[in-house]
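A.B. asks: here is my input, please return the structure:
(one chain, ligands or ions: 1)
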Amino acid sequence: MKIDHNISLKPYNTFGIDVRAGKMVIPENEKDIINYLEQHSLKKRQTFILGGGSNVLFTRDFDGTVFKMGIKGITVVHEDDNHVYIRAGAGESWEDLVDHTVEKGYGGLENLSMIPGSVGAAPIQNIGAYGVEQGEHFHQLEAVSIREQEKRTFNAGQCRFGYRYSIFKDDLQNQYVITAVTYRLDKQPVLKLDYGQVRQELEAMGIDNPAVQHVAQAIKAIRTRKLPHPDQTGNAGSFFKNPVVTMETWEKLKARYPDMPGFQAPHDHMKIAAAWLIQHCGWKGKAVGHAMVHKNHALVLVNLGKATGAEVLHLSRMIRMSVEKQFAIKLEYEVNIL
Ligand code: EPU
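C.D. replies: From the prediction side, this is the model:
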């Protein structure tokens, strides 16, 4: 297990923000974690578990201990007539896991192609894209409790998945280190093609009877066009969540702004496209200092190169204020601000 002191976190967050951590521990297996926790009593606020660093904005140096998950491995753990269960170490890249399942022709994760980040982080915010959330194919996760140093498994119900939500963002925040996640994939894939431009993209590709590989290819093409790649431009994907409002609020807004996009959400609510709200307030492509609202997607804030976390946060606050003033909607952060 590798341990570093006073280390820059710049290479470990996709925003490319240069802050320092007091200590970084990189466990390579569950035993490393348990041994480390037995020897050091860690307090909740002094511990931060870092996956791919693709959903975090660091605004200051972090005094405590960062766990950077290094647990690897992708294996089939069970198979029946209809499903295959694939278990991946928390430190695997999410993109690699999806590519692996797609290559084998297993269905379920293809719409989640090209999402930056690690496998261990995926259930925490229940990552989702193009009409699919990881929770729909989640079987279970394994984790170690920081306080008791005990191993525990969680099934989907226990994770309480919701829109960009799980119990690990709430009651159990920073209390468990996720070590592995198992997904249940379909041998006879049921494709989900109804979100946004997925069907049009497949048509443009000349595919009329798509397989999972084609869907993954279409999603990658859409994402490449719209979203900045963190290797070239620092960003953390959507900075805000899409706000969920009551039907009453939705109808009032829709009467005033007929072209405002919205999607049906559970319990008779509507999810409004935050990107549209932000664009409508004139923010798309605008820069403040070294932080900017991406020119192709208003929900994504980017680091022009030298941005500090405080600058990005400042821009996000200005956006929130405009959206609240114009639409009386409070945008919630999707990224974790530290
Ligand atoms: N739109 C605008 N202006 C823009 C961009 C989009 O008005 O600059 C409109 C589009 O026309 C569309 C609507 O907003 O009608 C929704 O846009 P899009 O399909 O790009 O999706 P999104 O709601 O902005 C969500 C996820 C993304 C995910 C996409 C695709 C959240 C917070 N974000 O974005 O996830 O890739 O759907 O499924 O739910 C992420 O979480 O980091 C992320 C990138």
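A.B. asks: from here on, contacts and neighbour counts on C-alpha atoms
C.D. replies: Fine.
A.B. asks: what are the boundaries of the strands in the stretch 1-150 of the chain?
C.D. replies: Assignment of strands within the stretch 1-150 of the chain using DSSP state E, counting those that start in this stretch yields the ranges 2-8, 20-26, 47-50, 56-57, 62-68, 74-79, 83-89, 128-129, 132-133, 138-145.
A.B. asks: and those, which is most packed in?
C.D. replies: Mean neighbour count (mean count of other C-alpha atoms under 10 Å) peaks for strand 56-57 among those, with a mean of 24.
A.B. asks: tabulate the strands of the stretch 1-150 of the chain (CSV), appending distance to Gln213 and mean pLDDT.
C.D. replies: CSV is the format used below for the strands of the stretch 1-150 of the chain (distance: least, C-alpha to C-alpha, whole Å; pLDDT from 0 to 100):
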stretch, distance to Gln213, mean pLDDT
strand 2-8, 37, 95
strand 20-26, 34, 96
strand 47-50, 30, 90
strand 56-57, 30, 97
strand 62-68, 31, 93
strand 74-79, 19, 98
strand 83-89, 17, 98
strand 128-129, 16, 96
strand 132-133, 16, 98
strand 138-145, 20, 97
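A.B. asks: among those strands, which is nearest His100?
C.D. replies: strand 74-79 (8.7 Å; C-alpha to C-alpha).
A.B. asks: what's the closest one packed up against?
C.D. replies: strand 83-89 (3 or more C-alpha pairs under 8 Å, 6 or more residues apart in numbering; DSSP states H and E).
A.B. asks: on that earlier part again, tell me which of the strands of the stretch 1-150 of the chain lies nearest to the ligand.
C.D. replies: For the ligand, the closest of those is strand 128-129, at 3.3 Å, according to C-alpha to the nearest ligand atom.
A.B. asks: got any ranges where the stretch 51-200 of the chain has weak pLDDT?
C.D. replies: Residue ranges of the stretch 51-200 of the chain with pLDDT under 70: none are present.
A.B. asks: Ile272 and Ile278: what is the separation?
C.D. replies: 11 Å (C-alpha to C-alpha, to the nearest Å).
A.B. asks: hmm, back to that, any chance of the strands of the stretch 1-150 of the chain in a markdown table, with distance to Glu103 too?
C.D. replies: Shown next, in a markdown table, are these (distance: least, C-alpha to C-alpha, whole Å):
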| stretch | distance to Glu103 |
| --- | --- |
| strand 2-8 | 32 |
| strand 20-26 | 29 |
| strand 47-50 | 28 |
| strand 56-57 | 30 |
| strand 62-68 | 28 |
| strand 74-79 | 13 |
| strand 83-89 | 13 |
| strand 128-129 | 19 |
| strand 132-133 | 19 |
| strand 138-145 | 19 |
